[in-house]
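Undergrad: sequence and predicted structure below; questions after.
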Amino acid sequence: MSHSLKQPALNTSGAEIARREMDFAARDWDLRMILFLLAHFGLGFLLRVDPVFATIHALLALALGLIYLREMEPEKMIYVAAYISASELLWRGLDAGVFWEFGKYTVALFLIAAIFKHYRAQLPEKWPLVYFVLLLPSILLLPGFDRQAISFNLSGPLVLAVAVIFFGGVRFSLGQLKKLLAALIAPVISLAAISLYSSLTAGLISFDLAYSEKITSAGIGPNQVSSILGLGAFAAFLYAVLETRNRQVRWIMIGLTIWLLAQSALTFSRGGFWTALGAMLVAGWYFFWERRSRFIFLSTISLIFLLGYFIVFPQLDALTSNTLSARFADFELTGRGEIMLADWLTFLDNPVLGVGPDQSTAFHALTFRVSRAHTEYTRMLAEHGLFGLVSLLILLGAVLARVFKKASAQQKALVISLTAWALVFMFHAAMRLSAPSFLFGIAAARFITEDSQPAHDESR
């Protein structure tokens with residue numbers, strides 16, 4: 001069963017009237033979207049004042065999603081789920097009064113409820129169930145029921161599984177996709193705003209190229225802040241390339257891309273920056289081969305490169321006494337290689353069921369120190385054994401199916417770049433946030449793009 005998001009219908013009185021109505025609706029959305037993003041610049045400071053405000057923000061998002069679940073079309077619920085995925089780190093870092101995995105379980109709740117509501121007859125995708133169920137037997141190896149260990153390590157795969165199942169039956173128009181991207185970008189602006197404020201008001205910062213910076217990360221974990229800022233930059237880049245109507249909006253998105261990349265770089269945690277840049281280049285490879293997207297992509301990426309490399313980066317490097325350039329010239333994995341090796345050795349010693357969820361933490365002392373996994377793929381081997389290996393192979397098969405699936409250039413650009421961002425995130429930050437699972441799920445949707453439909457199609 002394919003569940004299509006509701007599309008606007010053409011006015012039967014004439015195509016010209018319908019076109020004007022759609023243009024007016026697009027301009028109205030552009031204005032509301034800009035105001036929405038601006039509001040989130042100030043929202044970050046409000047949430048920072050007291051954890052009570054962050055708690056209210058989280059509960060309001062939950063309430064709004066529950067309200068939208070009752071509607072016949074899941075469109076608005078999807079936007080709220082995207083918003084929560086991008087807000088999760090903000091709530092954690094600002095000590096909102098919700099439990100640690102609130103973001104993951106809220107997104108999973110919405111998607112599971114939507115699956116039962118819209119796919120009663122047949123699931124569009126079944127392999128995610130097998131992928132997730134294979135990870136459950138290793139729970140039996142735990143010395144006792146450890147809710148925190150199970151939740152921390154299996155909530156990410158749960159979100160991935162239900163997201164792929166749900167989005168596998170969803171179709172997005174470009175207009176709907178841009179709304180989803182705006183929902184992802186908005187909370188990231190709040191995070192970037194308080195990170196910028198923290199950087200400007202900290203006084204003299206002694207940058208050390210060997211360490212990430214909590215000051216420039218608003219006091220939150222730099223690795224994850226860098227990743228979410230990178231997510232916002234990537235989403236803004238996609239919005240800029242897809243925006244064909246309003247040049248001012250495209251400039252705003254280009255500016256956001258540069259700012260969020262710069263703020264990500266200032267955390268001195270390189271993962272988020274390189275993940276975003278890599279996903280942009282993957283998208284660009286496919287956009288380049290589509291005639292209507294080529295010019296917009298080339299002009300967008302050229303502006304980002306010229307302004308970022310020749311103006312913004314030199315200023316940041318001077319601010320950090322040239323330690324920023326030294327940091328990004330260093331490609332050491334900062335312990336991740338040793339942790340991956342420990343995971344591999346643990347898998348070889350415990351090949352069938354692994355050692356159980358979160359139990360690889362102690363085994364990392366074999367080559368590094370007691371530390372939680374940063375790489376989801378080796379974690380699955382160490383903690384789930386051969387069951388984890390089969391689960392990984394299922395995931396790999398799904399990725400290859402996306403790569404080789406027949407689709408238009410724009411569709412490929414969206415599907416493969418969203419998938420790439422999620423996969424690279426999982427390489428350096430495992431599944432500590434819901435964002436990689438959610439984006440991997442979105443990539444399972446069908447995108448109704450300009451090069452996959454007639455120019456007069458109403459889904460624009």
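TA: Yep, that arrived.
Undergrad: please make it C-alpha for all contacts and neighbour counts, starting now.
TA: Fine.
Undergrad: so where's the stretch 1-150 of the chain uncertain?
TA: Low-confidence segments of the stretch 1-150 of the chain (pLDDT under 70): 1-25, 121.
Undergrad: try it again with 50
TA: Scanning the stretch 1-150 of the chain for pLDDT under 50 picks out 1, 7-12, 17-18.
Undergrad: show me where it has its strands.
TA: Counting by DSSP state E, counting those that start in this stretch, one finds strands in the stretch 1-150 of the chain at the ranges 3-4.
Undergrad: now do the contacts for Leu59.
TA: By C-alpha atoms under 8 Å, 6 or more residues apart in numbering, no residues touch Leu59.
Undergrad: ugh, typo on my part, it should be Thr55
TA: Per C-alpha under 8 Å, 6+ apart, neighbours of Thr55: Trp91, Ala96, Gly97, Val98.
Undergrad: then Val188?
TA: Ala86, Ser87, Ile228, Leu229, Leu231, Gly232.
Undergrad: buried ones among the contacts of Thr55?
TA: For the contacts of Thr55, a burial check counting by 16 or more other C-alpha atoms under 10 Å picks out Trp91, Ala96, Gly97.
Undergrad: before we move on, back to that, dump the contacts of Thr55 to a markdown table, plus distance to Leu341.
TA: Output for the contacts of Thr55, formatted as a markdown table (distance: C-alpha to C-alpha, whole Å):
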| residue | distance to Leu341 |
| --- | --- |
| Trp91 | 33 |
| Ala96 | 36 |
| Gly97 | 37 |
| Val98 | 35 |
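Undergrad: quick check: next helix or strand after the strand or helix carrying Thr361?
TA: Element membership for Thr361, per DSSP states H and E: helix 360-363. Following helix 360-363 in sequence order, the next helix or strand is helix 376-404 (DSSP H and E).
Undergrad: other SSEs contacting that following helix?
TA: helix 127-133, helix 336-349, helix 360-363, helix 409-429 (3 or more C-alpha pairs under 8 Å, 6 or more residues apart in numbering; DSSP states H and E).
Undergrad: among the ones you listed, which is the most enclosed?
TA: helix 409-429 (a mean of 24; mean count of other C-alpha atoms under 10 Å).
Undergrad: buried residues in stretch 272-288?
TA: Within stretch 272-288, judged by 16+ other C-alpha under 10 Å, the buried ones are 272-280, 282-288.
Undergrad: now the helix or strand containing Pro436 and helix 376-404, what's the angle there?
TA: If you go by DSSP H and E, Pro436 is part of helix 435-442. On the basis of axes from the mean of the first three to the mean of the last three C-alpha atoms, to 10 degrees, helix 435-442 is oriented at 20 degrees to helix 376-404.
Undergrad: which elements pack onto helix 435-442?
TA: helix 75-93, helix 147-167, helix 409-429.
Undergrad: of those helices, which approaches Asp358 most closely?
TA: Nearest to Asp358 among these is helix 147-167 (5.4 Å), distances taken as C-alpha to C-alpha.
Undergrad: contacts for that closest one?
TA: Contacts for helix 147-167 (C-alpha under 8 Å, 6+ apart): 101, 104-105, 107-108, 111-112, 114-115, 123-126, 128-129, 131-132, 135, 139, 357-358, 431-434, 436-438, 440-445.
Undergrad: just stretch 86-105 next, same as before
TA: Here stretch 86-105 has contacts from 47-48, 51-55, 58, 84-85, 151-152, 155-156, 159, 184-185, 187-188, 191, 219-221, 224-225, 228, 433-435, using C-alpha under 8 Å, 6+ apart.
Undergrad: and if we set it to 7 Å?
TA: 48, 51-52, 54-55, 84-85, 155-156, 159, 184, 187-188, 191, 220, 434-435 (C-alpha atoms under 7 Å, 6 or more residues apart in numbering).
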